[in-house]
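Asks: Let me see the structure of the following:
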Amino acid sequence: DVLSGMYCDFLSILGLPIPIVGALHGTCVGGGAALGLFATDVRVASPHLKLRFNFVPELGIHPGMASTLMLPRLAGTARATQLLLQAGKWKELQAEE
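Replies: Modelled structure (predicted):
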């Protein structure tokens, strides 16, 4: 099905032996946010970037695409918990902090 195919694509990007650079711009929600953050080695974010994880509060499902593992590594445990459980928005400037 579509979701398992998307997850397989995500895993294949993670397994590439070359550095992956992601240009993040606009609104990235759920799986798009996970793909932009976790499947890239280097991230370049525009000032207009808005990330949002809506898995738990809006969809009532477990965060996918390794979000519970990878987001705390990038944002810290407290911020990751807030983003994952409250569907908080993470703007680019907050990401730098």
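Asks: Could you use CA atoms for every contact and neighbour count after this?
Replies: Will do.
Asks: Can you list the buried residues in the helix ranked longest in the chain?
Replies: Using DSSP state H, we find that the single longest helix of the chain is helix 2-14. Neighbour counts over helix 2-14 (16 or more other C-alpha atoms under 10 Å) mark Phe10, Ile13, Leu14 as buried.
Asks: Show me which of those is closest to Gly64.
Replies: Using C-alpha to C-alpha, Phe10 comes nearest to Gly64 of the buried residues of helix 2-14, at 10.8 Å.
Asks: and that closest one, what does it touch?
Replies: If you count contacts by C-alpha atoms under 8 Å, 6 or more residues apart in numbering, Phe10 has them with Leu35, Ala39, Met65.
Asks: What distance do you get for it to Ile20?
Replies: Distance, Phe10 to Ile20, using C-alpha to C-alpha, to the nearest Å: 12 Å.
Asks: where do the contact lists of these two overlap?
Replies: Ala39.
Asks: quick revisit: contacts made by the helix or strand just after the longest helix of the chain with the rest, please.
Replies: Counting by DSSP states H and E, the next helix or strand C-terminal to helix 2-14 is strand 21-24. Residues outside strand 21-24 that contact it (C-alpha under 8 Å, 6+ apart) are Gly36, Leu37, Thr40, Asp41, Val42, Arg43, Val44, Ala45, Ser46, Leu49.
Asks: Just the buried ones from these?
Replies: Here, 16+ other C-alpha under 10 Å leaves Gly36, Leu37, Thr40, Ala45, Leu49 buried among those.
Asks: what's the second one in contact with, if anything?
Replies: Right, Leu37. Gly22, Arg43.
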